[in-house]
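Model the structure of this input:
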Amino acid sequence: MAMKQNPYIEGLGFFLEVLLCYRGHPNMANARISDIMGLNGGVIPLGFAALVMFSCVADALSGEYLLGEGVRRSLAENDTAQSKDCSRQCESEFCTVPPFLRYGKYCGLLYSGCPGEEPCDGLDECCMKHDACVQSKNNDYLSSECSQQFLNCMAEFRNSKGKTFNGNTCHVQDVVEVITLVMEAALVAGRYLHKP
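From the prediction side, this is the model:
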């Protein structure tokens, strides 16, 4: 019987692969990790850092740079894993930490609800629609169309002051801000890479 991987460890591994990709990127070959993380010489603007990381995620998803075999296999098996390790319960964990964020059933990196599962609230529905859009674009996480639709959906939810699900421990505004930052970076990266 295969031992089930801890999703937090897998997420951390993926996040570290992205950081290594960032460091291994031709323009960043001589950068130190402390520089990349903004620990020396000031803080890198978060949007730029997210943009570069999304660029590396795009490269990672295409198998370039330093993506390890385990992560590639995990991504390649994502469709299979999604049906086995998908979410059937409303969660609210790591509300302000993008690589580990889990909100509802559908919001989070490499995290999604099981097929046919109802979203937990309006924000979770936005995440579900984004997942469906990305899937319809051949899993192109930098699709400008999907990113913009997601941003619009979250703005509508925020402006309508929609209710959250029972048991939620996250401040919805914080979750929206974190996801918005990442999606805006994806939009910029998608435009830069000419992704429709």
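
Tell me how many other residues surround His130.
Applying other C-beta atoms under 10 Å, we find 24 other residues in the vicinity of His130. To be clear about C-beta, it is placed using only N, CA and C from the backbone, and glycine gets the same treatment.

wait, doesn't it sit right on Gln149?
Yes: using C-beta atoms under 8 Å, His130 makes contact with Gln149 at a distance of 7.1 Å.

May I have stretch 150-166 as CSV, with CA atoms only?
C-alpha atoms of stretch 150-166 as CSV (Å, rounded to 0.1, in the frame of the first residue of the first chain):
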residue,chain,number,x,y,z
PHE,A,150,-11.2,35.3,-11.6
LEU,A,151,-10.3,38.8,-10.5
ASN,A,152,-13.7,40.2,-11.7
CYS,A,153,-15.5,37.4,-9.8
MET,A,154,-13.6,38.0,-6.6
ALA,A,155,-14.2,41.8,-6.9
GLU,A,156,-18.0,41.1,-7.3
PHE,A,157,-18.0,38.9,-4.3
ARG,A,158,-16.0,41.4,-2.2
ASN,A,159,-18.2,44.3,-3.3
SER,A,160,-21.4,42.4,-2.6
LYS,A,161,-20.1,41.6,0.9
GLY,A,162,-21.1,38.0,0.3
LYS,A,163,-21.4,35.7,3.3
THR,A,164,-18.7,33.1,4.0
PHE,A,165,-19.2,29.5,5.0
ASN,A,166,-19.9,28.3,8.5
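
Tell me where the model's unsure across the protein.
Under the criterion pLDDT under 70, the flagged ranges of the chain are 1-84, 195-196.

80 instead?
1-85, 194-196 (pLDDT under 80).

in it, which helix has the most residues?
helix 172-192 (DSSP state H).

Show me which residues of it are buried.
Neighbour counts over helix 172-192 (16 or more other C-beta atoms under 10 Å) mark 172, 175-176, 178-179, 182-190 as buried.
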